[in-house]
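Student: Prediction below, plus the sequence it came from.
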Amino acid sequence: MIALSVIAAVVAMVAVAISLWQAREAKNAQQAAVRAQEEAQAARRAVEQATTSALQAKSVTEEARKAAREAQEAAAASRMLADEAQVTAAQAAALVNELAESIAAERSRRGMPTFAITPGAPDEFYLSYFGGPPVIEQLTVSVVPGSRVLGLQRDDDEPPAEHLDLGPLPNGAAVTFRAATGQRASAVFAIKAEPWEPIVVRADQ
């Protein structure tokens, strides 16, 4: 009887131990399942974030390509406009030269004075006279409104002015004056010699 009791007690203890082990394993399995679920959720969120980032990167790339195309088109249009402006400026300069030559020829034919202005040193110009009376006693060089000329001087000691009286000037001679301007070759001046009408002369190289 005692032996049977001992065996029964041992069996009961083993059963309790097995139950405890099974309970612990079940708890561990449950915890592992929770961790796996959390890891799966984290992985899913990472995939979603990666997908969103990829879509954003694709959108940014497309916008950058579009901006690059627009910049290329704008640059091409700017070059075209610059070329057209250059051609137009050349045509306008040629027309002005042709008109000036025509006016000079007509003035010479009528015995009227003709003037030419040539750039010299920086801010220095030479006014030449020919085709009229032997001597012009008095003539006035003036700033043309809207031109690049800022002021006229006979020499550095004088303050810049809008009008500069020169003369007497013999036929075929030249007189020097100064004019503050950034682009000498495109500078224009108005010249008045009594009793003739004023004329506009562009400085030529």
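Tutor: Great, that's in hand. Numbering: from 1, shown residues only.
Student: ranges for the strands of the protein?
Tutor: For the chain, the strands defined by DSSP state E occupy 114-119, 124-130, 135-136, 139-143, 151-153, 163-166, 169-170, 174-180, 188-193, 199-202.
Student: Within its sheet, name the partner strands of the fourth one and how each one runs.
Tutor: What that stands for is strand 139-143. strand 163-166 (antiparallel), strand 188-193 (antiparallel) (DSSP bridges).
Student: domains for the protein, by residue range?
Tutor: Listed by automatic domain parsing, the domain ranges of the chain are 44-110, 111-202.
Student: can I get these in CSV with mean pLDDT, mean neighbour count and distance to residue 29?
Tutor: In this view, the C-beta of every residue, glycine as well, is placed from N, C-alpha and C. Shown next, in CSV, are the domains of the chain (pLDDT from 0 to 100; neighbours: other Cβ atoms under 10 Å; distance: least, Cβ to Cβ, whole Å):
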stretch, mean pLDDT, mean neighbour count, distance to residue 29
domain 44-110, 75, 11, 22
domain 111-202, 83, 16, 89
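Student: need the ones you listed in TSV with distance to residue 33, can you?
Tutor: Formatted as TSV, those follow (distance: least, Cβ to Cβ, whole Å):
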stretch	distance to residue 33
domain 44-110	16
domain 111-202	84
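Student: still on that earlier bit, tabulate the strands paired with strand 139-143 in CSV, adding columns for distance to residue 117.
Tutor: Listed next are these as CSV, based on distance: least, Cβ to Cβ, whole Å:
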stretch, distance to residue 117
strand 163-166, 12
strand 188-193, 6
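Student: Mind checking those for the one nearest to residue 13?
Tutor: strand 188-193 (121.0 Å; Cβ to Cβ).
Student: which residues of the chain fall in helices?
Tutor: 2-109 (DSSP state H).
Student: Might you report the residue contacts of the nearest residue to residue 125 once chain neighbours are set aside?
Tutor: Leaving aside its sequence neighbours, residue 125 sits nearest to residue 117 (Cβ to Cβ, 6 or more residues apart in numbering; 5.3 Å). Contacts for residue 117 were tallied using Cβ atoms under 8 Å, 6 or more residues apart in numbering; they are 125-128, 187, 189, 201-204.
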